[in-house]
Structures are given as C-alpha cells and as structure tokens.
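Student: next comes the sequence, and after it the predicted model I'd like to discuss.
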Amino acid sequence: MGEGLRGELREAVAAAAQADDGTPERLQARLDAACRLIVALVDDLADAEADAVIAETLPLVQHDAQLEIELRRRLARELVTYERYRAVVQLSAALEAAQALGLAVLEAELAEELRAAMRDEGGTSTLRTTSSALAEASRAANPELAARMQLSLSASETGAIAEQHARTSVELARASGEVALLHEATARLAELLAERDELAEARAVLVALPALAHARESRALLDEIRRRLDEPVVDPPEVAAISVPLDPQLRAFATRPHNLVQSVVDGGLLGADKIREWSSGEITKPADLESQLVFGPVRSYWCACGRYRGRDYAGIVCKRCGVEVIDAAARRTRTGHITLREPVVHPWYAPVAALLLDLPHAELTAIPPFELQERLLAFDAARLEHLVDELKYAIVTAPKARIADAAGRRLALVEAFRTAAARTFTQPASIVLALVPVLPPNVDLPIDRDKVRDAYAQILEAPARSQAAAVAGLFGALAAH
C-alpha cells in the first residue's frame, strides 16, 4: 500500500475527529476511520504508528465497556489476516472486559475466537502467558470458560506441559457440569497418555466418563486404546459401497469428442473455476493419486488410520489422518486437480481455438499458450453476441457457398460457447489449460486406469517445458477407450 493512500486515511481520521460532536453516529464514523488506518498500517508493517493510533483510539470508548469490547473485537477480526498476534492481544482485552461485565454468552464467543486465533498462531510464549492468566482469572467465576482456555493451551503445547493443561481442563470441565466439554477434555488427555504408552490410564479416564449421546470421538478413542491393549473390540460389519452415477460433465471431459461443437455445449471443455469447484484437493506427487485424504476412504466409513470405524462416525474428519468418514463410493466420483507449471493448449480442442480465431490450424501452433489465452479471453459475452450478428450477415452476403459454409461452422461454434457459458461456465479461454482435473481412482469409465494413472504421474514429474507432451499423453490415454 502506498504512502499516498496512507496519507488519505490519516486525513480521513483527522477529519472524522474534527467532525466528532459527541453523537453516536459521529463517534462511530471516527472509529471506522481509525480502524481502516490501523489495518493499513499493520499491512504495511508500520507497527509503531499502528500502536500509536490504537492508543489514541481506545480512550474514545473507555466510557462504555460494551463499545470497547465491540471495537477490540472488530480490530481483532480485521487484523487477524495481517498479524494474528495483534488480533490475539485485542481479543484477550475484550475477553477481560466481558468477564468484568459478567456477559457469559459474549465471554464464550470471545473465548472461542481467542482459542481459534491462538491455535492458528501456534502458541508463542506471550500468547501462552496471556491465555494462562485468563484461564486462572476465570477458574472460579466461569469454570467452563477456564476449561476451554486450558484445553486451548493443551492443544498449543506438547509433552508434559500439554498433559498438565489437559488434566486441569478435565478438572474444570467436571466442575462446570458441561458433559460434552468433559468428554472433549478427557479425550485430549487420553490422547496424550496414549502417546507415551500409558494405555491403562488412558483407558481408565475414558471409561470413567459419564454417558453422553453421540460421544463419538471419545468412544472411538476408547476402542482404539482397547485394540492396542489386545482387548476384544467388535468392529462393525463392512458396508458395501453404494452405486453413484458419474457427473455427466466429468464423463464428457474424459471422453474424446466426436463433435466438438456438441462437446462444448455438453461441458466437455472445463474451465479452471469448475475444476477447482469439483476438486477435493490438489495432487502434487504421484503417491497422491490414490490419496484417501483427497478421494475418500478405501473402506466405507473407515478413516485411513482406523480410529473411526462404522456408520456411527459418518461425517467425522479424523484429526489424525485427516480422512473424512464417508462411503467409499466417493472414490468413484471425487476429483482432484494438478496445477500445471505453464499453461498448455488442450490437445482435443486446438481446432476449436483455430476456428474461433479464424486462423489456420498450423498458424495456431506458433502462438505461445499465454498469448493464445489472452486472445481467447477477449471472447466475452458481448464479443460473442457481436460475432453472431457478424457471422449471420457474412453467411447471407457470402459470394461463394464455401465461404458461407465456413462462416456457418464458425457461427455454430460461437453459439455453442454462448450456450455453454450459461450452462457450465465454460469460456473460450478454457481451451488453454492451467489446471488438469484428476479423475477418481475408481472412476466408472471404460478406460485403462493404470495407463491414465501413469499419464498423471508423468505430468507431475515432467519439467515445465515437457508438461505439454505429458498432457497430450493423458488425453491420448483417455481417448483409447
């Protein structure tokens, strides 16, 4: 952000201060201007000036604790993108103010926001000290809040320190009477105990938990610990994968078109936005081509590490392996994507680009993909609309049938893109690929899966200048059926 814009924001703050007549509206305008300036300064790493503006702004709301909380919370939400530590400082102060007012609901909300900010920050020593102080201050007045803070501290620590915070969280959760929180804290403690092979104690703390409907995490952890202790645990019966039809657009993408115009209408030419929308994750190495994290579990309703087993855990994302507990049919429908190092012209649709641009196909190969994409980007809705009228006129006035036929073929293609834009978000620029969708490992298509998988691997391993050939190899493998 330039100095000019910062100067404009400073002038806006000064003008708002001069116009402040004590009314709520004027005060709010002044606070808004100050917040915008603070965020801009932090974004530009002008930390000292940002701190000075914060110090000047906070006294404006000290007469109203509720307004101070709102200001600090707003600052935290806007600063979290640029500097999470400052956001945590503001949330901590807001939480202390909410505690002083006895606003239990607001306390809980702020505590959750603070926990999230600290978890993402990674837990610096200053943040841990701040959170510990807040947890201690809340111990008597609000044991539930203190328990959640201790649980957050446990998540940001490791080893004996994490275990001590977890034990304190269990104690406070029990005092609060919140059974769900007690289960969460106890599960964290049991995890830490299991990490150092204290399996008997981990089992004991889980077994002692009071009953709770849908206590899926603690139940799955207890079953896992029992397996490690060689105790009998009955696994649920295996669930057969359901039959799920393949998305018609994905089928069109993977099938070599016999009619290019119709294929454009059917969505066989996918744009980058659609590929990202479908994708469940980026594939960066050949081993990812079978990833359960991206494509779903190999066994229905089992996560990859085996902690969660059975329909009872449907929808849970395992914190350890990251795999969602869903039907294995996902491996027939979920896609991933590969980001190409350089854009590549789609080998099947190069003739479409030539016809759309009214160029000989041989000339098209001499145009670099970046430049070709720029030319195709010019074919927006307005340009296509104008081209329709132009081509219709060309057909009517053509001196020779051959010229009229050529204009007719081009018109059919333009109309196809107009239809596709409304149905599938496909644009002419999609002919140049920046992303390649990765078919599901168990895709229901008449293709040689091993050859297709090898083709994807070659794309991943090829240097940038060789990726075009590797992409052509992929579509060659797809065209073989």
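Tutor: That came through, no problem. Numbers count the residues shown, from 1 in each chain.

Student: please make it C-alpha for all contacts and neighbour counts, starting now.
Tutor: Noted.

Student: roughly how far is the helix of greatest length in the chain from the heart of the chain?
Tutor: The longest helix of the chain (DSSP state H) is helix 401-424. Helix 401-424 has its C-alpha centroid displaced from the chain centroid by 37 Å (CA atoms, centre = their mean, to the nearest Å).

Student: how about that helix: buried residues?
Tutor: Within helix 401-424, the residues that count as buried by 16 or more other CA atoms under 10 Å are 404, 407-408, 410-411, 413-421, 424.

Student: give me the low-pLDDT residue ranges for the protein?
Tutor: Applying pLDDT under 70 to the chain flags the ranges 1-4, 118-141, 424, 481.

Student: what residues go with each domain of it?
Tutor: Per the record's domain assignment (automatic domain parsing), the chain is made up of the domains 3-181, 182-234, 248-285+334-479.

Student: mind putting the ones you listed in a markdown table, distance to residue 241 included?
Tutor: Shown next, in a markdown table, are the domains of the chain (distance: least, CA to CA, whole Å):
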| stretch | distance to residue 241 |
| --- | --- |
| domain 3-181 | 32 |
| domain 182-234 | 21 |
| domain 248-285+334-479 | 11 |
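
Student: ok so, going back, between the buried residues of helix 401-424, which sits nearest residue 381?
Tutor: Ranked by distance to residue 381 (CA to CA), those are led by residue 418 at 7.2 Å.

Student: and the next helix or strand past the longest helix of the chain?
Tutor: Where DSSP states H and E defines the elements, the next helix or strand beyond helix 401-424 is strand 432-438.

Student: what is the subsequent helix or strand relative to that next one?
Tutor: Helices and strands here follow DSSP H and E; after strand 432-438, the next one along the chain is helix 449-461.

Student: now the angle from that next one to strand 432-438?
Tutor: Here helix 449-461 runs at an angle of 130 degrees relative to strand 432-438 (axes from the mean of the first three to the mean of the last three CA atoms, to 10 degrees).

Student: and helix 449-461, what's buried?
Tutor: In helix 449-461, counting by 16+ other CA under 10 Å, buried: 449, 451-460.

Student: swap in stretch 279-286?
Tutor: Per 16+ other CA under 10 Å, stretch 279-286 contains these buried residues: 279-283, 286.

Student: show me what contacts residue 13?
Tutor: 30, 33-34, 37 (CA atoms under 8 Å, 6 or more residues apart in numbering).

Student: which of those residues sits closest to residue 251?
Tutor: residue 37 (51.1 Å).

Student: quick one, what contacts the closest one?
Tutor: By CA under 8 Å, 6+ apart, the contact set of residue 37 is 6, 9-10, 13, 50.

Student: looking at the residues you listed, which is nearest residue 271?
Tutor: The nearest member of the contacts of residue 37 to residue 271, counting by CA to CA, is residue 6 at 38.3 Å.

Student: just checking, next helix/strand downstream of the helix or strand containing that closest one?
Tutor: Secondary structure assignment for residue 6, by DSSP H and E: helix 3-19. Following helix 3-19 in sequence order, the next helix or strand is helix 24-43 (DSSP H and E).

Student: buried sites along that following helix?
Tutor: By neighbour count on 16+ other CA under 10 Å, the buried set for helix 24-43 is 26-43.

Student: now do the very next helix or strand once past it: which elements does it pack against?
Tutor: Later in the chain than helix 24-43, the nearest helix or strand by DSSP H and E is helix 47-57. Counting contacts by 3 or more CA pairs under 8 Å, 6 or more residues apart in numbering; DSSP states H and E, helix 47-57 packs against helix 24-43.

Student: chain center to the helix it packs on, what's the gap?
Tutor: Centre-to-centre, helix 24-43 and its host chain are 30 Å apart (CA atoms, centre = their mean).

Student: for the protein, which strand is longest?
Tutor: Ordering each strand of the chain by length in residues (DSSP state E) puts strand 335-345 first.

Student: show me what the helix or strand following it is packed up against.
Tutor: Following strand 335-345 in sequence order, the next helix or strand is helix 350-357 (DSSP H and E). Where contact means 3+ CA pairs under 8 Å, 6+ apart, helix 350-357 is packed against helix 361-364, helix 401-424.

Student: need these in CSV with distance to residue 478, can you?
Tutor: CSV is the format used below for the helices and strands packed on helix 350-357 (distance: least, CA to CA, whole Å):
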stretch, distance to residue 478
helix 361-364, 23
helix 401-424, 21
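
Student: between those helices, which gets nearest to residue 345?
Tutor: The stretch from the helices and strands packed on helix 350-357 with the least distance to residue 345 (CA to CA) is helix 361-364; that distance is 10.1 Å.

Student: what's downstream of the closest one, the next helix or strand?
Tutor: As assigned by DSSP H and E, the chain's next helix or strand after helix 361-364 is helix 369-377.

Student: CA atoms only for that following helix, dumped as CSV, please.
Tutor: Presented in CSV, the C-alpha positions along helix 369-377 are these (Å, rounded to 0.1, in the frame of the first residue of the first chain):
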residue,chain,number,x,y,z
PRO,A,369,-0.2,-20.6,-24.9
PHE,A,370,-0.1,-17.4,-22.8
GLU,A,371,-0.7,-15.2,-25.8
LEU,A,372,-3.4,-17.6,-27.1
GLN,A,373,-5.2,-17.4,-23.8
GLU,A,374,-5.1,-13.6,-23.9
ARG,A,375,-6.7,-13.7,-27.4
LEU,A,376,-9.4,-16.1,-26.3
LEU,A,377,-10.2,-14.1,-23.1
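
Student: between the helix or strand hosting residue 390 and helix 401-424, how many degrees?
Tutor: Element membership of residue 390, judged by DSSP H and E, is helix 381-397. Helix 381-397 and helix 401-424 are oriented at 150 degrees to each other (the same axes, to 10 degrees).

Student: okay, angle between helix 381-397 and helix 350-357 too, please.
Tutor: Taking the same axes, to 10 degrees, helix 381-397 and helix 350-357 form an angle of 80 degrees between their directions.

Student: hmm, who's touching helix 381-397?
Tutor: Residues outside helix 381-397 that contact it (CA under 8 Å, 6+ apart): 403-405, 407-408, 410-411, 414-415, 418.
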